[in-house]
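Asker: For reference, the sequence and a predicted model appear below.
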Amino acid sequence: MQDEFSNRLDAFDRSLDTLDLPEHKVIWENLPPVAFTTKVGEARIMVGELKAAQQKQEAGTGGATTEKDREETELEAAAGILAEALVIYYTDKGQETEAGELDLTESDWAKLRDQQLLTKSQLVIDRATGLSAGATAADAAKYGITPEAVLSVTKERADYDGIVNAPGVTIAVRKALTTGFRPAFKLTEKKFTDLDKLIRQFRAAAAGRTMIGAWNAARAIKDAGHAGGGEPPANPTPAPAPTP
């Protein structure tokens, strides 16, 4: 990641850490204006997504789109294999209706998207869970329908569900990341700019003014670089120091 982005990410971290100081948290958390608390939570999610993207880039594992594709493929494979075992089991037991509900080819699984894939994979999990417990457990295990197999598909589904049904701010950042770090950082900076404005409402008390001063200091980007010839990052303009 370019220095400019790393420096901005550090500034985001310092700003949130400043708010999390015990003497500051009692001033703002869940207190008017409550939109400040909401936006702090959203800012945390956005910074978390930027950090995750940074780690993936450094590890050479791609960005948000690549991550979704990978998790989707892993769930399709895991659910498809367990579904095949269920189809054979049901067919052998003469339960053609149950078998038909899960009888999908690899290309059929690949065509399922988002909620469709989550719904069908959950059906596989539910059916396999029922068979791998109680009186049918030993017989089901002969087909590979085991608690371990269910756990494997459940994990893959949870990973994919976390991407498809992520909070709105998470989706927004991940969408921005598909075109690069700059749009995602711009989106996150907008959230922090909202906080720059809202935090001024805590200026009435001396403790609030102290918090605002610490926030403004943390928001300043230190040693921001312009690696790669990109434009320098915009240093946020701190709110004017309130009059005691």
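Answerer: Alright, I've got the coordinates. Numbers count the residues shown, from 1 in each chain.
Asker: Mind listing what's buried along the helix or strand harbouring residue 160?
Answerer: Assigned by DSSP states H and E, residue 160 belongs to helix 147-164. Burial within helix 147-164, assessed by neighbour count using 16 or more other CB atoms under 10 Å, is assigned to 149-150, 152-154, 156-157, 160-161, 163. Every C-beta, even on glycine, is put in place using the N, C-alpha and C of the backbone.
Asker: ok, the residue of the chain positioned farthest from its centre to residue 217 distance?
Answerer: Distance from the C-alpha centroid of the chain peaks at residue 94, with 43.0 Å (CA atoms, centre = their mean). Distance, residue 94 to residue 217, using CB to CB, to the nearest Å: 73 Å.
Asker: chain center to stretch 156-170: distance?
Answerer: 6 Å (CA atoms, centre = their mean, to the nearest Å).
Asker: ok, and what's touching it?
Answerer: Stretch 156-170 has contacts (CB atoms under 8 Å, 6 or more residues apart in numbering) with 42, 45-46, 49, 67-68, 71-72, 74-75, 78-79, 114-115, 117-118, 121-122, 125, 174, 191.
Asker: how about 7 Å then?
Answerer: 42, 45-46, 49, 67-68, 71-72, 74-75, 78, 114, 118, 121-122, 125 (CB atoms under 7 Å, 6 or more residues apart in numbering).
Asker: Report the buried members of the residues you listed.
Answerer: Buried by 16+ other CB under 10 Å: 42, 45-46, 49, 67-68, 71-72, 74-75, 78, 118, 121, 125, out of the contacts of stretch 156-170.
Asker: mind checking how far the helix holding residue 160 is from the chain centre?
Answerer: That offset, for helix 147-164, works out to 16 Å (CA atoms, centre = their mean).
Asker: Alpha carbons only: can I get it in PDB?
Answerer: Presented in PDB, the C-alpha positions along helix 147-164 are these (Å, rounded to 0.1, in the frame of the first residue of the first chain):
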ATOM      1  CA  PRO A 147     -21.100 -33.900  11.700                       C
ATOM      2  CA  GLU A 148     -17.700 -33.000  10.400                       C
ATOM      3  CA  ALA A 149     -19.000 -32.600   6.800                       C
ATOM      4  CA  VAL A 150     -21.800 -30.500   8.100                       C
ATOM      5  CA  LEU A 151     -19.400 -28.300  10.000                       C
ATOM      6  CA  SER A 152     -17.300 -27.800   6.900                       C
ATOM      7  CA  VAL A 153     -20.200 -26.600   4.900                       C
ATOM      8  CA  THR A 154     -21.500 -24.500   7.700                       C
ATOM      9  CA  LYS A 155     -18.200 -22.700   8.000                       C
ATOM     10  CA  GLU A 156     -18.100 -21.900   4.200                       C
ATOM     11  CA  ARG A 157     -21.700 -20.700   4.300                       C
ATOM     12  CA  ALA A 158     -20.900 -18.400   7.300                       C
ATOM     13  CA  ASP A 159     -17.900 -16.900   5.400                       C
ATOM     14  CA  TYR A 160     -20.000 -16.200   2.300                       C
ATOM     15  CA  ASP A 161     -23.000 -14.900   4.300                       C
ATOM     16  CA  GLY A 162     -20.600 -12.400   6.000                       C
ATOM     17  CA  ILE A 163     -19.800 -11.000   2.600                       C
ATOM     18  CA  VAL A 164     -23.300 -11.100   1.000                       C
END
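Asker: quick one on the thing from earlier: flag whichever of the contacts of stretch 156-170 scores worst on pLDDT.
Answerer: Within those, residue 67 has the lowest pLDDT, namely 70.
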